[in-house]
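**Q** predicted model, plus sequence, below.
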Amino acid sequence: MRRAALRLCTLNKGLLTPARGLTQGSQNPEKQNVFHILEACSPIHVNHGVCVRDKLREIVGASTNWRDHVKAMEERKLLQSFLAKSQEGLPPRRMKDSYIEVLLPLGSQPELREKYLTVQNTVRFGRILEDLDSLGVLVCYMHTRIHSAKMSPLSIVTALVDKIDLCKKNLSPEQDIKFSGHVSWVGKTSMEVKMRMFQLHGNEFCPVLDATFVMVARDSENKGPAFVNPLIPESPEEEELFRQGELNKGRRVAFSSTSLLKMAPSAEERTTIHEMFLSTLDPKTISFRSRILPPNAMWMENSKLKSLEICHPQERNIFNRIFGGFLMRKAYELGWATACNFGGSRPFVVAVDDIMFQKPVEVGSLLFLSSQVCFTQGNYIQVRVHSEVASLQNKEHMTTNVFHFTFMSEKEVPLVCPRTYGESMLYLDGQRHFNSMSLPVNLRKDFLVEP
Ligand SMILES: CCCCCCCCCCCCCCCCCC(=O)SCCNC(=O)CCNC(=O)[C@H](O)C(C)(C)COP(=O)(O)OP(=O)(O)OC[C@H]1O[C@@H](n2cnc3c(N)ncnc32)[C@H](O)[C@@H]1OP(=O)(O)O
């Protein structure tokens, strides 16, 4: 029985109330044609849709031309001396110090809308993943900023998308979207960031998405770890958020230590797999070797889709590696196509969890994405996308990311049947991811988030 699927976005009312000077851009008609970063203390208004990235580029001094990227990285080496020797040497920060809001004016900028549009007149979720990634990093730069320095000595990278839960709302490409985010927990070199997304309905921004990312600070050259400012919770709500961050870290450690790559499945899981195996034996032959598909089922291997990306400089991030958001968009779109192909209708995403960025992807890499359905139940399709890069010298492949997406189809989908032991482990891993969410989701017509 599925325990959970979709968490409702709940706004912590009263928490991190915007400071003086913070405005909701779309309520001001004069500002509707600009993309805002609305920081708690100093609102910044920029005149085009990539201002979060421009701001990030400014913070780290990234080059805008690829031919200058080596020089820009050389200049960043000089910032090493600004790195703290210990965390205690850094001033503590409050949650509101990193709080920012960003407005995506889809409602008023038709040229921007094109980038976000699906053929079904909904918003491309892959684009939202890119925006969340950039915003998460910007939030961390707000937390760690050195007021006296123009550039940050830190290289902040995405380590994990812990989870993204979507609320039951249409995402219209014709209404403004607002993002907000702040640091909610810090370790020594890592920061948990909570982000929310809202869409304008009438005069009100309604919550549509909750996301938790973990970012890691590295030195100026992105070669070793670097300390981040401590975080001081200021109210009972903030203390609760901080405590939750601590628990999240513990949960991740526990989840990873019981990984099927390290430990045998539980007794219940073994029974599940054996029963599935028995259901695929041909009763006529009385043999373990003749396998047939049960009714309304598909072999897992037949659900696979693959793609290849050549990682051009255009897709680089501010540290001259491939932008995490781009990797997520590509994996998401392949995952969506896999679910679409499997379920025979256009599915919509209900949750994303545990996207681990294990290794950076270098510019120029060949990125191999491999996607498959690993678990299904009712209308739900759990998809796993594995990405690896090939070294051109020795042809070795190295895993860079594993992505987990939960989709919902309009109609009931076939069972997915593992044939080998390895596939059975994928099935159980998919089931674990599927069960790790919190509330049941009922199929709703107004819940449409497409690629
Ligand atoms: C005209 C255009 C021109 C444009 C030019 C510019 C173009 C701009 C376009 C893009 C703009 C936007 C870019 C914004 C940047 C986006 C970010 C990225 O893309 S980033 C790209 C995508 N991302 C990447 O490429 C990252 C790839 N991954 C890595 O590099 C490494 O795995 C690692 C650094 C993340 C961790 O290395 P590891 O050796 O394990 O490190 P340690 O053992 O030292 O631990 C350090 C801390 O990390 C913690 N921790 C670790 N893992 C996890 C986890 N899974 N879960 C949770 N926590 C984790 C660990 O607990 C510890 O915490 P603490 O106790 O100290 O507090």
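**A** Thanks, I have the structure now. Numbering: from 1, shown residues only.
**Q** which helices and strands does the longest strand belonging to the chain pack with?
**A** Taking DSSP state E as the criterion, the chain has its longest strand at strand 204-218. Taking 3 or more Cβ pairs under 8 Å, 6 or more residues apart in numbering; DSSP states H and E as the contact definition, the neighbouring helices and strands of strand 204-218 are helix 125-144, strand 155-166, strand 177-186, strand 190-201. C-beta: built from backbone N, CA, C; applies to glycine.
**Q** pull out the buried positions in the shortest one.
**A** Think strand 177-186. By 16 or more other Cβ atoms under 10 Å, the buried positions in strand 177-186 come out as I177, K178, F179, S180, G181, H182, V183, S184, W185, V186.
**Q** confirm M73 sits in a helix?
**A** Yes. Counting by DSSP: H, G, I helix; E, B strand; the rest coil, M73 is located in a helix.
**Q** quick check: phi and psi on the closest residue to it other than its chain neighbours?
**A** Of all residues beyond its chain neighbours, the one nearest M73 is N320 (6.5 Å), with distances taken as Cβ to Cβ, 6 or more residues apart in numbering. Main-chain dihedrals, N320, degrees, to the nearest 10: phi 60, psi 30.
**Q** N320: neighbouring residues, count only.
**A** Using other Cβ atoms under 10 Å, N320 has 18 other residues around it.
**Q** hmm, E74 and it touching each other?
**A** No. Proximity of N320 to E74 does not meet the contact threshold set by Cβ atoms under 8 Å, at 11.7 Å.
**Q** quick one: H147 is in a helix?
**A** No. Applying three-state DSSP, one finds H147 to be coil, outside a helix.
**Q** distance check, it against N320.
**A** The spacing between H147 and N320, counted by Cβ to Cβ, to the nearest Å, is 27 Å.
**Q** tell me the one of the buried residues of strand 177-186 nearest the ligand?
**A** For the ligand, the closest of the buried residues of strand 177-186 turns out to be V186, at 6.9 Å, with distances computed as Cβ to the nearest ligand atom.
**Q** now do the closest one, the pLDDT please.
**A** V186 is assigned a predicted lDDT (pLDDT) of 98.
**Q** next one: the one 5 residues further on
**A** At M191, the pLDDT value in this model is 98.
**Q** from the ligand, how far out is H312?
**A** Taking Cβ to the nearest ligand atom, to the nearest Å as the measure, H312 and the ligand are separated by 11 Å.
**Q** does that residue really touch V363, like I thought?
**A** Yes. Applying Cβ under 8 Å as the test, H312 and V363 come out as touching, 7.4 Å apart.
**Q** compare those two and say which one has the larger neighbour count.
**A** Relative neighbour count places V363 above the other of H312 and V363, with 17 against 11, counting by other Cβ under 10 Å.
**Q** poorly predicted segments of this protein, please.
**A** For the chain, residues meeting the criterion pLDDT under 70 lie at 1-50, 168-170, 394, 438-451.
**Q** switch to 50 and redo it
**A** Along the chain, the parts satisfying pLDDT under 50 run over 1-49, 439-448.
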